[in-house]
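Q: below is the sequence, then the predicted model.
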Amino acid sequence: MTPTTAAGKTVGLGTSAIGGLYEDLGDAAARATLEAAWAAGTRYFDTAPHYGAGVAERRLGAFLRDKPRAEFTVSSKVGRLLRSGEDGLVRVRDYWADGVYTSLAESLDRTGLDRFDTLFIHDPDDFWETAVGAAYPALARLRDEGAVRRIGVGMNEPKMPARFVAETDLDCVLIAGRYTLLDRSAADELLPLCETRGVDVIAGGVFNSGVLADPGPDARFDYLPVAPDVRAAVEALAAACARHGVALPAAALQFPLRHKAVTALVIGARTPAEVEQNAAHLTTAIPDALWSEIDALTVIR
């Protein structure tokens with residue numbers, strides 16, 4: 001994993017995996033992954049209270065504690081507060097202004113950081129009115145006061161982020177899994193609108209929950225088992241890549257970086273080996289002929 005691509009676009013580490021997504025991960029294993037990413041040059045890290053119910057924020061903060069603050073940037077998210085429940089911490093949706101301020105304070109406490117560089121409103125799918133009417137003004141106030149440098153929205157679907165871009169003054173959008181080899185729905189409205197309005201797009205979820213990294217029998221697409229139509233599309237993509245001697249994950253990583261609106265890429269990794277594999281895939285030369293084949297293939301969305 002490199003800090004920037006050949007095109008000068010930022011590459012960051014997403015921390016859902018080190019928060020225990022899909023399977024538990026110990027503190028030592030998570031730290032080893034973070035160490036590998038840092039050694040590879042990664043200086044942008046994306047996290048959230050949602051990832052492991054605070055585990056990812058805690059582990060990331062512990063790792064960054066002895067790193068010079070000027071050398072890295074961190075984004076986190078608001079919209080889910082962590083509260084005690086019968087079986088431990090539970091996530092409580094809260095897009096009101098007080099919830100935003102509370103979420104920020106608690107995330108700073110978990111990480112031990114003095115500030116976040118970017119804050120996203122996290123997955124407000126069913127909470128548009130509160131998110132735009134309360135969470136957004138609260139974030140804008142924090143930006144005006146200098147408590148955070150950039151504000152945005154982070155979601156898994158493109159329609160509401162496009163509405164945010166059209167109706168508010170965001171700096172950036174984190175769109176997960178919607179501008180990939182399999183799902184290009186963000187290209188219909190969101191990416192052109194961001195390009196027109198000068199809003200940075202951070203592409204996440206480029207492996208669509210793993211199927212584009214390892215399309216084996218246990219693969220997932222959008223967090224669920226892979227359906228037959230998805231598997232057929234993946235097989236067609238893999239065959240095209242094989243004809244040109246390119247690994248499917250390399251094409252998956254580099255695909256979103258081709259769009260002008262995309263200024264950064266966030267890649268999840270669970271192990272140091274995955275960090276190293278991603279770094280190699282990002283430097284793989286991909287011929288224009290392969291991109292032409294990929295662009296012509298039928299995708300899921």
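A: Noted; the coordinates are in hand. Numbering: from 1, shown residues only.
Q: show me how far stretch 187-194 is from its chain's centre.
A: 17 Å (C-alpha atoms, centre = their mean, to the nearest Å).
Q: now the strands: where do they sit in the chain?
A: Assigned by DSSP state E, the strands in the chain fall at 10-14, 44-46, 73-78, 80-85, 88-93, 118-122, 150-155, 172-176, 200-204, 220-221, 224-225, 262-268.
Q: so can I have JSON lines of the ones you listed showing mean neighbour count, mean pLDDT and distance to residue 279?
A: Bear in mind the C-beta positions are built from the backbone N, C-alpha and C, glycine included. JSON lines is the format used below for the strands of the chain (neighbours: other C-beta atoms under 10 Å; pLDDT from 0 to 100; distance: least, C-beta to C-beta, whole Å):
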{"stretch": "strand 10-14", "mean neighbour count": "24", "mean pLDDT": "97", "distance to residue 279": "9"}
{"stretch": "strand 44-46", "mean neighbour count": "25", "mean pLDDT": "98", "distance to residue 279": "14"}
{"stretch": "strand 73-78", "mean neighbour count": "26", "mean pLDDT": "98", "distance to residue 279": "19"}
{"stretch": "strand 80-85", "mean neighbour count": "14", "mean pLDDT": "96", "distance to residue 279": "31"}
{"stretch": "strand 88-93", "mean neighbour count": "13", "mean pLDDT": "95", "distance to residue 279": "32"}
{"stretch": "strand 118-122", "mean neighbour count": "26", "mean pLDDT": "98", "distance to residue 279": "23"}
{"stretch": "strand 150-155", "mean neighbour count": "25", "mean pLDDT": "98", "distance to residue 279": "24"}
{"stretch": "strand 172-176", "mean neighbour count": "25", "mean pLDDT": "98", "distance to residue 279": "21"}
{"stretch": "strand 200-204", "mean neighbour count": "25", "mean pLDDT": "98", "distance to residue 279": "17"}
{"stretch": "strand 220-221", "mean neighbour count": "20", "mean pLDDT": "93", "distance to residue 279": "23"}
{"stretch": "strand 224-225", "mean neighbour count": "10", "mean pLDDT": "92", "distance to residue 279": "29"}
{"stretch": "strand 262-268", "mean neighbour count": "23", "mean pLDDT": "97", "distance to residue 279": "10"}
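Q: how about these in JSON lines, adding distance to residue 237?
A: Putting the strands of the chain into JSON lines (distance: least, C-beta to C-beta, whole Å) gives the following:
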{"stretch": "strand 10-14", "distance to residue 237": "22"}
{"stretch": "strand 44-46", "distance to residue 237": "26"}
{"stretch": "strand 73-78", "distance to residue 237": "29"}
{"stretch": "strand 80-85", "distance to residue 237": "33"}
{"stretch": "strand 88-93", "distance to residue 237": "34"}
{"stretch": "strand 118-122", "distance to residue 237": "29"}
{"stretch": "strand 150-155", "distance to residue 237": "24"}
{"stretch": "strand 172-176", "distance to residue 237": "19"}
{"stretch": "strand 200-204", "distance to residue 237": "17"}
{"stretch": "strand 220-221", "distance to residue 237": "12"}
{"stretch": "strand 224-225", "distance to residue 237": "18"}
{"stretch": "strand 262-268", "distance to residue 237": "18"}
